[in-house]
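Colleague: here are the coordinates; sequence isn't available:
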């Protein structure tokens, strides 16, 4: 098959597709805005930013998948039990250390559920072959495909950009809230937090800039959907307690 014969090419294509999807979701699927983000920030920044925001979710998915392998169906992935447990331990440790507390709680909850199911299966001397069950059922294949698409698109669409949202005070007293993408021909390139439109500001008219936090302004079908902005981590709270970055809320009515 093509996928097996050209793994590097397939990986590069999937990575490019992932970055494009992330840029479009940040721009709320406006091509001009997405192109401006890429042009101003640069390809390297887009790649690094996408990796930075999606890595916690990738760790969470990997941990849950490996939990299924070691606790329910060892035949799901062609790994020896020793390697499977080693990778599961590493993934779980990375999730605990590198992801936000909310993701840690969700991951631990999934692992506990998987462990309970696995214990039930072993106590009843049952053998589970997930791959065979999915291959033999069209309904399961459809459900698994939908689940994978939803799991992949949720962090891509609902997360904020990798840049910090800022409050910009102009010399005339007006406030602007958005993401500073960089500079272009001497102008400050700002993407609005409210509608993700692009604005070019004269640096001489900028009085001050400050990072802020808070839920974004969203309307339409996603106005009630959670806007993912995970901050902090279990490791950070354990090592430094409350001495971690905290920013004032963004101004209202922007």
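Modeller: It's in. Note that the structure is a prediction, hence the values are computed from the model and not measured.

Colleague: and the most centrally placed residue in the chain, what's its pLDDT?
Modeller: Central residue of the chain (Cα atoms, centre = their mean): residue 54, 3.3 Å from the mean position. Here, the pLDDT recorded for residue 54 equals 85.

Colleague: same thing with residue 99?
Modeller: pLDDT, read off for residue 99, is 84.

Colleague: next one: the one 10 residues further on
Modeller: The confidence metric pLDDT takes the value 94 at residue 109.

Colleague: so it: helix, strand or coil?
Modeller: Following DSSP: H, G, I helix; E, B strand; the rest coil, residue 109 is assigned to helix.

Colleague: quick one, helices of the stretch 101-250 of the chain?
Modeller: For the stretch 101-250 of the chain, the helices defined by DSSP state H, counting those that start in this stretch cover 101-123, 130-135, 138-158, 234-240.

Colleague: need these in JSON lines (columns: mean neighbour count and distance to residue 247).
Modeller: In this view, the C-beta of every residue, glycine as well, is placed from N, C-alpha and C. Formatted as JSON lines, the helices of the stretch 101-250 of the chain follow (neighbours: other Cβ atoms under 10 Å; distance: least, Cβ to Cβ, whole Å):
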{"stretch": "helix 101-123", "mean neighbour count": "15", "distance to residue 247": "17"}
{"stretch": "helix 130-135", "mean neighbour count": "12", "distance to residue 247": "44"}
{"stretch": "helix 138-158", "mean neighbour count": "13", "distance to residue 247": "20"}
{"stretch": "helix 234-240", "mean neighbour count": "14", "distance to residue 247": "15"}
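
Colleague: go through those helices and find the least confident stretch.
Modeller: Looking at the helices of the stretch 101-250 of the chain, the weakest mean confidence is helix 234-240, a mean of 74.

Colleague: show me what that one is packed up against.
Modeller: In terms of contacts (3 or more Cβ pairs under 8 Å, 6 or more residues apart in numbering; DSSP states H and E), helix 234-240 is packed against helix 81-98, helix 101-123.

Colleague: what's in contact with that helix?
Modeller: Helix 234-240 is contacted by residues 96-99, 101, 104, 244 when judged by Cβ atoms under 8 Å, 6 or more residues apart in numbering.

Colleague: same question for stretch 75-84.
Modeller: 65-66, 68-70, 74, 87, 129-131.

Colleague: hmm, 6 Å instead?
Modeller: 69-70, 129-131 (Cβ atoms under 6 Å, 6 or more residues apart in numbering).

Colleague: kindly list the longest strand within the protein.
Modeller: In the chain, taking DSSP state E as the definition, the longest strand is strand 175-184.

Colleague: who does it pair up with?
Modeller: strand 166-170 (antiparallel), strand 187-192 (antiparallel) (DSSP bridges).

Colleague: now render the helices and strands packed on helix 234-240 as a markdown table, adding distance to residue 167.
Modeller: Putting these into a markdown table (distance: least, Cβ to Cβ, whole Å) gives the following:
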| stretch | distance to residue 167 |
| --- | --- |
| helix 81-98 | 29 |
| helix 101-123 | 25 |
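
Colleague: the bottom helix or strand of the protein by mean pLDDT?
Modeller: Ranked by mean pLDDT, DSSP states H and E, the weakest helix or strand in the chain is helix 2-5, scoring a mean of 56.

Colleague: nice, that's everything, thank you.
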